[in-house]
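Visitor: okay, predicted coordinates and the sequence, questions at the end:
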Amino acid sequence: MSAVSVTGAGMTTGEAPFVEDAREAGRLYIYQPYELYSEDNHRAWRTLYARLLPLWRRYANDHFLGGVESLCLDPERIPRLEDVNRFLSPLTGFRAKAVSGYIPAFQFFDCLRRREFPTTITIRRADHLDYLPEPDIFHDIAGHVPMHTDAAFAETLVRFGECAHTAAEIAAGIPDLETRTRRLTSIVRAMARFFWFTVEFGLMCSPAGLKAYGSGLLSSFGELRHSLESPEVQRYPIQLEWAVNQTFEIDHYQPLLFIVDSFDHLFGLVGRLEEWMREGKLNNVAPGEPAVNPGDLASFLR
Ligand SMILES: [Fe+2]
């Protein structure tokens with residue numbers, strides 16, 4: 001263990017033996033071995049936090065800013081999840097839960113239903129701060145978790161988690177394997193698109209103008225400003241029928257963003273998503289990204 005800390009490999013994304021060993025052994029839920037973080041890892045956190053803070057004040061919605069304050073995040077050091085949870089849990093019942101990497105879709109949504117947020121514990125390289133090959137602890141804790149301090153937003157996530165159970169129930173009622181696979185693929189794709197265009201990249205109206213509430217935006221110092229300032233970005237009031245049929249790519253700044261009026265509005269949309277699921281309206285959404293892999297499908301059928 002100490003050898004890892006001394007060499008500085010620490011808990012860097014893609015270079016963290018602790019996490020890779022857990023993944024190889026099939027352990028999804030892990031703990032945060034705090035002593036393994038290197039000084040480089042803390043430097044990455046500190047630099048990102050210092051860059052984002054002034055942008056958050058300008059571009060983030062008020063619920064997020066309030067959340068950053070209530071969580072008492074340390075600008076200097078990577079937070080301990082137990083400290084984050086000590087502030088978070090009394091507010092909405094949510095908890096950050098350490099994971100070793102990708103969680104199959106159903107399990108991810110089901111965690112939300114139980115007010116657990118699967119949280120990556122590695123951090124991007126300090127010398128590649130704007131390159132994010134996969135979520136890291138800065139994205140998850142500084143981008144997502146402040147939103148989980150807001151009651152209306154937290155209820156929306158729980159409601160979204162419940163939709164995963166509805167999808168599983170619908171799939172279980174389809175006897176023919178081919179039909180079941182096709183419909184479930186479409187439903188999961190629709191859910192993933194909805195999540196992407198809201199929780200990850202959503203914009204919200206406010207008296208002070210448009211603000212970001214999507215965590216993909218709030219954890220990216222390049223894209224946050226771009227999302228609200230660039231004339232090239234299309235920003236439209238959200239339409240559910242559009243969002244569930246809209247493909248997206250993850251490897252560049254988003255050219256299309258959707259706006260909600262409030263978190264009550266968002267909560268209502270999740271309810272409509274579930275109705276559409278039950279009515280069969282999500283059985284044939286437009287093909288394209290994101291891909292739904294066999295592991296994700298299987299997670300709904302277990
Ligand atoms: Fe995310």
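Guide: Now that the structure is in, tell me what you want to look at.

Visitor: pull the contacting residues for the residue most central in space within the chain.
Guide: Among the residues of the chain, residue 200 comes closest to the average C-alpha position under CA atoms, centre = their mean, at 5.6 Å. If you count contacts by CB atoms under 8 Å, 6 or more residues apart in numbering, residue 200 has them with 214-217. C-beta: built from backbone N, CA, C; applies to glycine.

Visitor: can you pick the most crowded of the residues you listed?
Guide: Ranked by the number of neighbours (other CB atoms under 10 Å), the contacts of residue 200 place residue 214 first, at 29 neighbours.

Visitor: just the pLDDT at it, thanks.
Guide: Looking at residue 214, its pLDDT stands at 98.

Visitor: quick one: contacts for it?
Guide: Residue 214 neighbours (CB under 8 Å, 6+ apart): 198-203, 257.

Visitor: same thing with residue 242?
Guide: Counting by CB under 8 Å, 6+ apart, residue 242 has contacts 236, 258.

Visitor: distance of it relative to residue 179?
Guide: Distance, residue 242 to residue 179, by CB to CB, to the nearest Å: 26 Å.

Visitor: residue 212 too?
Guide: Applying CB to CB to residue 212 and residue 179 gives a distance of 39 Å.

Visitor: hang on, the earlier thing: now tabulate the contacts of residue 200 in a markdown table and tack on secondary structure.
Guide: Output for those, formatted as a markdown table (DSSP: H, G, I helix; E, B strand; the rest coil):
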| residue | secondary structure |
| --- | --- |
| 214 | coil |
| 215 | helix |
| 216 | helix |
| 217 | helix |
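
Visitor: if we can go back for a sec, okay, residue 212 and residue 179: which has more neighbours?
Guide: A count of neighbours by other CB under 10 Å puts residue 212 above the other of residue 212 and residue 179, at 27 against 12.

Visitor: so how far is residue 258 from the more buried one?
Guide: Where residue 258 is concerned, residue 212 sits at a distance of 12 Å (CB to CB).

Visitor: which neighbours do these two share?
Guide: 202-203.

Visitor: residue ranges of the helices in the stretch 201-302 of the chain, please?
Guide: With helices called from DSSP state H, counting those that start in this stretch, the stretch 201-302 of the chain shows them at 215-218, 221-229, 240-243, 263-279, 294-301.
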